[in-house]
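[1] just the structure for this:
(chains A and B)
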Amino acid sequence: MNSLIRPTFWPEGLSRNLLGVAVLLVLWHIAASALTGSYMLAGPTAVINYLIAEHALIGRALAVTLQNAAWGFLAGNLAAIGLALLVTLLPALRLPIGAVALVVFCLPLVATGPVLRVLYGPGPGPQITLAALSVYYTTFLPLLVGLRAAPGSWFDLITLYGRGAWSTFIHIRIMASLPYLMAGLQIAAPAAFLGAMVGEFTGADRGMGVLALRAMRGLDVDATWTLALVAALVSMIAYGAIGLLAAWLGTSKPDILLATAPAKTSGNVASVLRSVTFVLATIVLILISWWVAMEAFALSRFFAKRPDDIWRYLMTAPDASANRAVLWAASQATLVQVIPGYLAGLGVGAALAMLLMLRPGLSGAVLPVAIALRSVPIVTTAPLIVLALGRGAAGTITIVAVMTFFPALVACMQGLRQAPGQVLDVMRLYATTPLARLWYAQLPAMLPGFFAAARLSVPAAILAVTVAEWLATGRGLGALMAMTASTSDYNLLWSAIVVVTAGASIGYALVGGVERLILSRLAPEQLKP
Amino acid sequence: MTRFDISRRHLMCMGLGSFGALTLGGRRVVAQQSSVALQLSWLHSVQFAGSYIADERGFWADRGLSVRLDAGGPNAPVEPPVVTGTALVGISAADYTAAAVQQGAPFRIIGVAMQNNPFAIASLPQNPVHTPTDLEGKRIGMPLANMPVLRTLATLNGVDLDQVEIVPTQYDAAPLVAGEVDCLLCWSTDLPIAMYVQGIESVTMLMADFGYTLHSQTYIATEESIANRRADLVALMSGEVLGWEEYRGDLEAATDLTLSRFPDAGLDRATQIEQARRQVPLMFSDLTDAQGFGWFTEDTVAQNIETLALLGMPVDAALWDRSILEEVHG
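    Have a look, this model is predicted:
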């Protein structure tokens, strides 16, 4: 994600934000009263009562999960920074490392959890690792952009003074990248918490995830909502604190919007061949890493399948076609829910950003709600949303949309502000309506940010749909992967991992393709390297 | 197929564990202390109270064994840690074990904690399911993964499954309470208790009463362990037997021990004591009264094999190995 988030939301308009919170509380109370007795929603008073009664228990659980999330946050972001620096110093590594990093980020949590548990044995290892895996990519990508986000004249200046690449690195690149790093760290905070909670599902003695499971199974709606809200609140505080830290460091908001410069395709045979070769080489690299990782840890073939096992299962085994049919049916069930949800999330995000551009007064009410929705851990809310909206498509599509709209909203708001002031001034002189200004000047400026969010939201949408299928609807690839716990059909699990990961990577590439196509027509200047 | 992988890390863990036992475990000094792990099938709760009693009362320590109890969870399959040797014994179920064996895992069932299968159909009194034929014309909520279970119940009782509307849900009582379904496929010892504690009356039809004979909460170990680590297995199972017998004698104490041992697990006493009560008739029977906890016979094994065949998992009696229990009770 290139320009994610305005690093602060508190200092300006605190009172408006408070108004938003008040509106939310009232709406929540009305909804809870209307749903009394349905075991779906606990109202504000029930939550406060539960919090008072069980504050010690929740405090201890929060401490455990927060600690794991913090270690994961640290490890994941350090890895992201290390990778970004490496790639900047050795640009030849940029494409292969970027590709492998994306593929690892797309691995479904449902499936990586049990493997990590076997690797680590008991303890917080899987929780920390899943938290780290949930955050590193959303820091890596903006940082990569940030390290290049400086005007060419600055680099010239360093050269004029006779200093080398190292000085450029220290004085320009690192400084230029700080706002982007901060933006990445902000969205990493809720993701780390969610990762740590999902990690607890792989077998833990204590923590917020353990309590959430117990509450869901025990039909304890008050506890479920209290836990979800406490988790959301903590994520929001982390989000706000990083924003304040960014402000204190004096980093300006990231203000240069670059669509991670999608590779230019000139369309000639040589460049197509190069792209194909690169894709094939990446696939081979990933297959080798997969195999080496399994062998290095001497993981049993009973559950840790190798690429050749999956090839046999899907291609050469006697019942290979039946196996493919099972996967294909589940993939279809997942696709028909993830695609509308993803598009709805992006659409809602962009539409809200435009609404806030036309009616800035609403932002105090909309932004806190948006941040809260993004921060509520999906593992606790997915079953409740599905219960409220039904087991048809609506529930799952809503969950996916909730997980994807926030990056789009933030990036689009950022993008809308990038419209050149002179253009807007000229339009104002000619008395154009705000709507016309939005359509002709601000919308094209918004597109790069929109697409950056669209690309990063592909893995997020897939995470959302598989979690919803696993915990709530019991259909599709998410349910198929979870089912392995009872059937020990690890060939099917690993095949599903391959399908999900490949699907996410292809989706990511497709969005990049659409982005190039549209930007080349509407905002060609954004495609310049 | 790798039969038994023992990793370097695992060896180190065992080493550290023994070191810890030497430095800390001064309470009972035993000649050779051996450290093993028991992989539980779910989060800590009274479901495993017999094991906690065995640990607290020193039933394992007396036999030179220190047992680490590893929590399970919704994303924590039991079979992989047992295959890799991270855990010496796992708490599985006959159908899970049979499936794993079909996939090449070298498991044997060495003991049976739940003689009667806990699967049940839960419904509300105004629209109850008392017998399997009551299912016809109703909407049942269940994870699709449990389809073979429902199909087997239908086959055993001549229920026309086309007359039953299956609603894929996850494992949660809320869809029943919200009126989204008429009944649920669940364990008699969890979702019905959740409703009971919330003050919602429900009707529970135990599937074991209608021909669904399948061992649950089974102790599994690898063939390798049975051949080479018999002493540890016998010590572990002896502790389990003593722990569960003590559990049966005082459910209140077992519940209190569970609550005090896991203060952070979010357990509440009302739920736990009810679960403790309801699992007694599943775990103890005339057979265990005569032969001891965990026992199985050729007859019960044969009934299990029939049910497993209906579930689509053909196995033979060699899946069960009673030699460890025979040493325990012998």
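
[2] quick check: the closest residue to chain A within the stretch 101-250 of chain B vs A:V326, distance?
    Chain A sits closest to B:P168 of the stretch 101-250 of chain B, with a gap of 3.8 Å, by Cβ to the nearest Cβ. For glycine as for every other residue, the C-beta is placed from the backbone atoms N, C-alpha and C. As defined by Cβ to Cβ, to the nearest Å, B:P168 lies at a distance of 16 Å from A:V326.

[3] hmm, the helix or strand harbouring A:A485 touching chain B?
    Per DSSP states H and E: A:A485 is located in helix A:476-487. Yes - counting by Cβ under 8 Å from any Cβ of the partner chain, chain B is contacted by helix A:476-487 at A:479, A:482-487.

[4] and the contacts of that helix?
    Helix A:476-487 is contacted from outside by A:108, A:110-111, A:114, A:326-327, A:330-331, A:333-334, A:337, A:465-470, A:473, A:489-490, A:492-493, A:496-497, A:499-500, B:74-77, B:95-96, B:99, B:103, B:143-145, B:168, using Cβ atoms under 8 Å, 6 or more residues apart in numbering or on different chains.

[5] all helices for the stretch 101-250 of chain B, in order.
    Ranges of helices in the stretch 101-250 of chain B, per DSSP state H, counting those that start in this stretch, are B:147-157, B:174-177, B:191-197, B:223-228, B:230-249.

[6] contacts only, for the residue nearest the centre of chain B.
    Central residue of chain B (Cα atoms, centre = their mean): B:Q217, 2.0 Å from the mean position. The contact partners of B:Q217, by Cβ under 8 Å, 6+ apart, come to B:41, B:47, B:91, B:93, B:112-114, B:283.

[7] now it. Nearest residue, chain neighbours left out?
    Leaving out its chain neighbours, the residue that sits closest to B:Q217 by Cβ to Cβ, 6 or more residues apart in numbering or on different chains is B:A113, at 3.7 Å.

[8] pretty sure the one you found is touching B:Y219, no?
    Yes - proximity of B:A113 to B:Y219 meets the contact threshold set by Cβ atoms under 8 Å, at 7.0 Å.

[9] between these two, which contacts overlap?
    Joint contacts of B:A113 and B:Y219 (Cβ under 8 Å, 6+ apart) are B:91, B:240, B:294.

[10] assess the claim that the second one and B:V112 are in contact.
    No - assessed by Cβ under 8 Å, B:E240 is found out of contact with B:V112, at 11.1 Å.

[11] next secondary structure after the helix holding A:A485?
    Counting by DSSP H and E, what follows helix A:476-487 is helix A:490-522.

[12] from what I can see B:V101 touches B:L319, true?
    Yes - between B:V101 and B:L319 there is a contact at 6.4 Å, judged by Cβ under 8 Å.

[13] where does chain B have low pLDDT?
    B:1-32 (pLDDT under 70).

[14] and it, split by domain according to the record?
    Following automatic domain parsing, one gets these domains for chain B: B:8-115+B:214-329, B:119-210.

[15] show me the common contact partners of B:E240 and B:V112, please.
    B:219, B:294.

[16] now the strands: where do they sit in chain B?
    For chain B, applying DSSP state E gives strands covering B:34-39, B:65-70, B:89-92, B:107-114, B:119-123, B:139-142, B:165-168, B:183-187, B:203-206, B:216-222.

[17] these: which one's closest to A:A453?
    Judged by Cβ to Cβ, the one of the strands of chain B that comes nearest to A:A453 is strand B:165-168, at 31.8 Å.

[18] ok, residue 244 - how many residues close by?
    In the absence of a named chain, this looks at chain A. A:L244: 14 surrounding residues under other Cβ atoms under 10 Å in any protein chain shown.

[19] correction: the question concerned chain B.
    For B:W244, the neighbour count with other Cβ under 10 Å is 24.

[20] surely it touches B:G292?
    No - contact criterion Cβ under 8 Å: B:W244 and B:G292 do not qualify, at 9.9 Å.

[21] what lies in contact with stretch A:188-196?
    A:65-66, A:68-70, A:72-73, A:76-77, A:109, A:127-128, A:130-135, A:138-139, A:207-209, A:231-232, A:234-236, A:238-239, A:242, A:374-375, A:377-379.

[22] can you do 7 Å?
    A:65, A:68-69, A:72-73, A:76-77, A:127, A:130-131, A:133-135, A:138-139, A:231, A:234-235, A:238-239, A:242, A:374-375, A:377-379 (Cβ atoms under 7 Å, 6 or more residues apart in numbering or on different chains).
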